[in-house]
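[1] Could you look at this predicted model? Sequence included:
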Amino acid sequence: MGVPRPFGRRQADECRLPPFKVWYRLLKSAGVRRVRLHDLRHTYASLLLLAGEPMLYVKEQLGHSTVQVTVDLYGHVRPGLNRGAVNRLAEATRPGSPGHATTL
C-alpha cells in the first residue's frame, strides 16, 4: 500500500521542486515573461524606496543584517535621500536661524 497522494503524483512531485523552478512554471502558465526571483526582490526594494519608505524599513523587509548593506545596494535608487537631512542641518547651523547654536 503506497502513500496517498491527494493532489496526484505530478502535483506532489512539484512540491519538491526548488522554489525558482516553481516560480518559472507559474510565470509560464500565466503567460508572463520570465523574470528571476532576485529581480523581483530588487524591484520590490526599489519601489519601496521610491514610495518614500525609510531605508530601515526596507532593510527589515529584505532581511539585511545592517542598514549599511541596504544603503550600499539600493542607495542609487534615491540619490537625494539624505538631501533633506543635509538641508535641515545647514539651516540649523546658519547664523541667525532659530536652531543655531552659538556655543560649541
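    Perfect, thanks for sending it.

[2] Which residues are in contact with the residue nearest the centre of the chain?
    Geometric centre of the chain, nearest residue: Ala45, 2.4 Å, by CA atoms, centre = their mean. Listed by CB atoms under 8 Å, 6 or more residues apart in numbering, the contact set of Ala45 reads 58, 61-62, 70, 73-74, 77. In this view, the C-beta of every residue, glycine as well, is placed from N, C-alpha and C.

[3] Please name the residues that touch the residue nearest to Leu27 when sequence neighbours are not counted.
    Distances taken as CB to CB, 6 or more residues apart in numbering place Arg34 nearest to Leu27, at 5.9 Å, with adjacent residues excluded. Going by CB under 8 Å, 6+ apart, Arg34 touches 24, 27-28.

[4] Farthest pair within the contacts of Ala45?
    Using CB to CB, the pair of those lying farthest apart is Gln61 and Val77, separated by 13.8 Å.

[5] helix/strand/coil for the nearest residue to Thr66 once chain neighbours are set aside?
    What sits nearest to Thr66 in space, not counting adjacent residues and going by CB to CB, 6+ apart, is Lys59, at 7.3 Å. At Lys59 the chain is in helix, as set by DSSP: H, G, I helix; E, B strand; the rest coil.

[6] host element of Ala45?
    Secondary structure from DSSP states H and E places Ala45 in helix 37-50.

[7] tell me which residues in that helix are buried?
    Across helix 37-50, burial judged by 16 or more other CB atoms under 10 Å covers 45, 48-49.

[8] Take those residues and lay them out in a markdown table including pLDDT and distance to Thr66.
    Shown next, in a markdown table, are those (pLDDT from 0 to 100; distance: CB to CB, whole Å):
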| residue | pLDDT | distance to Thr66 |
| --- | --- | --- |
| Ala45 | 94 | 15 |
| Leu48 | 94 | 17 |
| Leu49 | 91 | 17 |
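
[9] I'm done for today, thanks for sticking with me.
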